[in-house]
Each structure stands twice: as structure tokens, then as C-alpha cells.
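1. Fold the stuff below for me.
(one chain, ligands or ions: 3)
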Amino acid sequence: MIKFVLNNQPVQTDLPAGMTVLDFVRYHKNLKGTKIGCREGDCGACTILVGELNGNSVKYLSMTSCLMPLSNARGKHIVTVEGINRPDGELTEVQQAIVDESGTQCGFCTVGFVMSLTGFCVDETEKSCESAISSIDGNICRCTGYKSIERAAEKLTQILNQKNEQSRLGFAAEKGIVPGYFSDIKNRLETLKDLPTNEFYEAENRPQTHDAKHGAEDQYTSEKSRTKIENRKSFVGGGTDLYVQNPEEMVDATTANLFDDSDLRFIEETNDSIEVGASTVVTDLLVSPIFRRIFPNLYAHLKLVSSTPIRNMATLAGNFVNASPIGDMTAWFLALDATIVFNNEREIPLREFYIGYKKLAKTDDEFVTKIRFRKNFSHFNFEKVSKRTCLDISSVNTAISLNVENALIANAHVSAGGVAPIPLYLRKTSEFLRGKEINDTTILEANEILQSEISPISDVRGSAEYKRLLARQLFTAHFVELFDYQ
Ligand SMILES: Cc1cc2nc3c(=O)[nH]c(=O)nc-3n(C[C@H](O)[C@H](O)[C@H](O)COP(=O)(O)OP(=O)(O)OC[C@H]3O[C@@H](n4cnc5c(N)ncnc54)[C@H](O)[C@@H]3O)c2cc1C
Ligand code: FES
Ligand code: FES
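-> Ligands and ions are numbered 1, 2, ... in the order given. Got it, this is the predicted structure:
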């Protein structure tokens, strides 16, 4: 049984835990405001808000409901466009701004934009025109043209900046951006919070569709939960790869859901290293004071990764285990020479995780619990080229961490994606850089070694020659970016 709050209504359902929230709200709750576009996380037509208890308040994030399993809704506040409409029938500030600026024509995309902008209004991030426009980076419109929608976003920013001491949510309720019932959601979620959080039991408790051997008699104790996870062959994080790759199979798949396991969602710092829980999402890194301190260009780098709603769902372990040769977070953590830790405490360097195209050095029962890396670098950079600047996967990506002491490279780790069947740790290039001065000769020679380590193929993202050229240019760009090298 999955319980959550849908708009202003409590919901409990025995439907498959793997069903998407999109299908649930449209076909089982008849809430047709949430639109179906691509079903691949690309268009934003299905955007909803997901509210989760966060200390003394509720934190809302935009997510694409087409990729979100029902199991990830457990204990949360799921908000569709019907849930933000005002009881008096007037338009909300967000809806009105879009109307005023002529931001809608056929209207198919409009709900998604409204939901993303409403999410922006209630989150605690800084409010600027730039961040308002960034909040709709996961929404595509085919008819209006973006300028009118951007003007609506800018107008909202002016309203939001009138806020005084209240919380963002309090201000949004006062301004009619969200309805009054939002103020009681925290209490309502509190009553759900002691319910089981390991959603993978959900599938087992549906005897009509699931193999009895998985045991409907299991109790919701954390010790058993862990055992249960270990007995499973398949794991789900945010679902942003799995639901694109196998949408039909996922509905009835027997999976262990790791997204809401709080033991897997943390960022901790010790004297010499950082540990990050496997289910930490890209947005968690973006707002982490630790990451912001250690990676000064964090925002510029991470905004190249997918879009706001996808970053709100995309876990690090999902990116690593999906094993795409162009995984951005994989390239990032390879260049930190990170290690990954499994549920059985086995720890291996991330660079040893990839043993062939989509072949991993892990058993079916092993799942990633955390990622660890040392803070022994003075410089870090990430570069990515994709066909579109926003919301596109890499043609080629690369990251570098360097420890520079007395003008010499004391240590170096370089990674590259899109240039081999696996995400590549550039071992020879990294070794070559160690002990070298940063000058033309070092960069040119390192680039030659890099070229000998990669083996790109021609595909939709570019020819092999183009990718070699990109790898060369992006490697050089690390030094331009970090050392003003010309
Ligand atoms: C529109 C869109 C844009 C995207 N853009 C980018 C982009 O710019 N850059 C990029 O790198 N990626 C991108 N992605 C891909 C995707 O968002 C990332 O790879 C994401 O990090 C996957 O995480 P997830 O939690 O959603 O994975 P899921 O889909 O839940 O899982 C992916 C795989 O990881 C496994 N898994 C999950 N957690 C664990 C665990 N703890 N232990 C073991 N196995 C586990 C699952 O079993 C599955 O095999 C995009 C996806 C979409 C839909
Ligand atoms: S339907 Fe396009 S993002 Fe979900
Ligand atoms: S108004 Fe038609 S798709 Fe945006």
C-alpha cells in the first residue's frame, strides 16, 4: 500500500509501485491537467511538484512525472496543476504572468511551465531573473517562442523579491501562488512519516502480480529491509534512465527502491575526504555548502547536466551504474579518483568499475551505498560539449583534478566520456602530467597521450574525428579555464 497526499486529498493505493505517477494521476485520478509529451523526461509537459518533509518544513521540487515511479511518491505531497488552482477560480500569480505576457498559444506545454515556475516560487533558492529562467530549463514550448515566457518569469521574480521575513512557502500562500491548504501539508506528511520507507515491499504486497516467494509476510523493519534489498536483482533510484530505457517493463518489475533510503542520501566531510550517499541527487550537490566550497564553478558545471526536474531526480549511483560512456557525473567522479562502496562494504575505485560496454565489476546483489573521494586537489574543472547547450547529453565530456604545488603538478586525474565504450579514466595522461610544469609542451604532449588512450566511434553525436578534436580542445580548455593558459 502506497500512501501519500495528492493535491488536497489523501491517497492510498495498491496499484503497481512501478507505475508512473503520470499514469496514476491521469488514468486513475482523472487529473488530466498534467500532459503527456515525450514520456522521456525531455519536454516537461508532465512536470509536477513533489513536496517532502525537510526538518520543520516541506521542501518542494519539480519532477517529471513520466519517469517517476509511484513508489517514489510514498509519504510525499504530489502536486499537479489542479492542486495549485485557486478555490475562487482566479488565476495564480504564475498563471496570470503567463497570460499577461502572452506566454501561451496551444497551451500544451503551459501546465509544465506553470508547475516549474510555481516550484521556483516556493523553493528557498535565490530569486533572480537568471534563476527564474533556469527553473524552466526542462520545459519545451513548440509554439510561443520563449521570450514571452521569460518575461513572465522575470515578472514573477519582481513579485518574489517583495518577500520580507516569511518563508518562501508562507509568502507564496499569502500571495495566492499556492492555495491555503499547503500550510497544513507538513502536519499531514508527519502522520505518514512513520510508515515504511522502503518502497520495494510494495511490489511484494501485491499478490495478484507478484511471485509469492518474495514473501508478503515481511515486516517493515530496517534490518529486514536491508536484507530484502540484498536479495534483489534490480534497483531503482530516480528512474530517469530506467523509465526511458524500459518504460513498460518497469511497471511490474520487482525492484528495490533506493531513492528514499535516507541512509543513502547524505554529504559528509572529514579532514581529508568527502563521502556522498549513493542516492544523492545532482541538485543535492548544487545546494551543498561543502560542494559549493570545494568546487567554485559548481553551478556553471552542473547546470550543463540535464535539466532542473531531472537533476532533482537523478542519483549519482544511477549515473554510475547506468554505465553510459557519456555519463556526466561519472566523468566528474572519475576525475576525483573516487571510490564506490557497496552494501557488503566492498570498496573499489570507480575507474575499476567499468570492465566493458555496460559491463560492471559488481554482482547482481550488490548495490552502491556511497562514494568517497579525497580532497587532495587544488584545481578541478569539467567540460562538456553537446549538440544543444541545455538538456542534452554529451558528445564528449571531460573532467580534471590537479594538485599544483610550487608551480608543479603534484597529482593529476583526468577522465573523458564519449570517446570509448566505457567512461574513461585517462591513466596514462594522468600519470604523464604528474611532476610536470604547466606550459605549452606539457599540454601538447599530454594531448598526444590522451589521443592514444581514446577510441571514439562515429555515431549520432558526431564522427570519430570530430570527437577526437573535441577531446583535444576540451582537454586544453581545462588549462585555459584553470590557469588562463592561452
Ligand atoms: C531528459 C534527460 C536528460 C538527461 N541528461 C543527462 C545529462 O545531461 N548527463 C547525464 O550524465 N545523464 C543525463 N541523463 C541520464 C540520467 O538522468 C542520469 O544517468 C541519472 O543520474 C540516473 O540516475 P537515476 O537515479 O535516475 O537512475 P535509475 O534510472 O533509477 O537507475 C539507473 C541504473 O542504476 C541502477 N541503480 C540506481 N541506484 C543504484 C544503486 N544505489 N546501486 C546499484 N545500482 C543502482 C539501476 O538499477 C539502473 O540500472 C538524462 C536523463 C534524462 C531523462
Ligand atoms: S512527458 Fe515529456 S517530460 Fe514527461
Ligand atoms: S504553447 Fe503550444 S507548445 Fe507551448
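
2. What residues does the residue of the stretch 1-150 of the chain found nearest ligand 1 make contact with?
-> Scanning the stretch 1-150 of the chain for the residue nearest ligand 1 gives G41, at 3.0 Å (criterion: Cβ to the nearest ligand atom). Any C-beta I mention is one placed from the backbone N, CA and C, and that applies to glycine too. Neighbour list for G41: T64, C66, L67, G138, T240, Y243, V244, S306, S307, P309, I310 [criterion: Cβ atoms under 8 Å, 6 or more residues apart in numbering].

3. repeat that with 6 Å
-> Neighbour list for G41: T64, L67, T240, I310 [criterion: Cβ atoms under 6 Å, 6 or more residues apart in numbering].

4. Find the helix or strand that P87 is a member of.
-> Assigned by DSSP states H and E, P87 belongs to neither a helix nor a strand.

5. Next one: it from Y354, what distance?
-> Applying Cβ to Cβ, to the nearest Å, the value for P87 to Y354 is 54 Å.

6. again with N164
-> 52 Å.

7. Check the gap between P309 and G103 for me.
-> 19 Å.

8. Apologies, that question was intended for E345.
-> Where G103 is concerned, E345 sits at a distance of 52 Å (Cβ to Cβ).

9. Between these two, which has more neighbouring residues?
-> Neighbour totals were compared for E345 and G103, and G103 leads with 26 against 7 (other Cβ atoms under 10 Å).

10. Show me where the stretch 201-350 of the chain dips below the pLDDT cut-off.
-> 201-233 (pLDDT under 70).

11. now the strands for it?
-> For the stretch 201-350 of the chain, applying DSSP state E, counting those that start in this stretch gives strands covering 235-236, 256-257, 267-269, 273-277, 339-342, 347-349.

12. can you tell me which of the ones you listed comes nearest to E248?
-> Closest approach to E248 among these (Cβ to Cβ): strand 235-236, 14.9 Å.

13. ok, is the closest one in contact with ligand 1 or not?
-> Yes - applying Cβ under 6 Å from any ligand atom, one finds that strand 235-236 is in contact with ligand 1 at F235, V236.

14. picking up where we left off before, for P309, see how far away the residue of the stretch 1-150 of the chain closest to ligand 1 is.
-> On the measure of Cβ to Cβ, G41 and P309 end up 7 Å apart.

15. Give the intersection of the neighbour lists for the two.
-> T64.

16. burial of the residue lying closest to N72 once chain neighbours are set aside, as a residue count?
-> Taking Cβ to Cβ, 6 or more residues apart in numbering, and ignoring the residues beside it in sequence, N72 has F259 as its nearest neighbour in space, at 5.1 Å. Residues near F259, counting by other Cβ under 10 Å, number 22.

17. Spit out the contact partners of F259.
-> The contact partners of F259, by Cβ under 6 Å, 6+ apart, come to N72, G237, G238, S279.

18. Could you report the separation of it from C38?
-> With Cβ to Cβ as the criterion, F259 and C38 are 22 Å apart.

19. re earlier: so can I have a markdown table of the strands of the stretch 201-350 of the chain showing mean neighbour count and distance to ligand 2?
-> Formatted as a markdown table, the strands of the stretch 201-350 of the chain follow (neighbours: other Cβ atoms under 10 Å; distance: least, Cβ to the nearest ligand atom, whole Å):
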| stretch | mean neighbour count | distance to ligand 2 |
| --- | --- | --- |
| strand 235-236 | 24 | 17 |
| strand 256-257 | 24 | 20 |
| strand 267-269 | 15 | 28 |
| strand 273-277 | 20 | 26 |
| strand 339-342 | 20 | 29 |
| strand 347-349 | 13 | 34 |
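
20. Count the residues that sit near the closest residue to ligand 1 within the stretch 151-300 of the chain.
-> Ranked by Cβ to the nearest ligand atom, the top residue of the stretch 151-300 of the chain for proximity to ligand 1 is G237, at 2.5 Å. Using other Cβ under 10 Å, G237 has 28 neighbouring residues.

21. on that earlier part again, turn the contacts of G41 into JSON lines, including distance to ligand 2 and neighbour count.
-> Below are those laid out as JSON lines (distance: Cβ to the nearest ligand atom, whole Å; neighbours: other Cβ atoms under 10 Å):
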{"residue": "T64", "distance to ligand 2": "4", "neighbour count": "33"}
{"residue": "L67", "distance to ligand 2": "7", "neighbour count": "27"}
{"residue": "T240", "distance to ligand 2": "10", "neighbour count": "26"}
{"residue": "I310", "distance to ligand 2": "9", "neighbour count": "24"}
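
22. ok, and of those residues, which contact ligand 3?
-> Counting by Cβ under 6 Å from any ligand atom, no member of the contacts of G41 is near ligand 3.

23. Which single one of the residues you listed is nearest to Q473?
-> Taking the contacts of G41 together and measuring to Q473 by Cβ to Cβ, the closest member is I310, at 26.6 Å.

24. Confirm for me that the closest one is in contact with D241.
-> No - between I310 and D241 there is no contact under Cβ atoms under 6 Å: 10.2 Å.

25. and stretch 331-351, how far from the chain's centre?
-> Centroid displacement of stretch 331-351 relative to its chain, using Cα atoms, centre = their mean, to the nearest Å, is 19 Å.

26. hmm, it touching ligand 1?
-> No - between stretch 331-351 and ligand 1, judged by Cβ under 6 Å from any ligand atom, nothing touches; the nearest distance is 7.9 Å.
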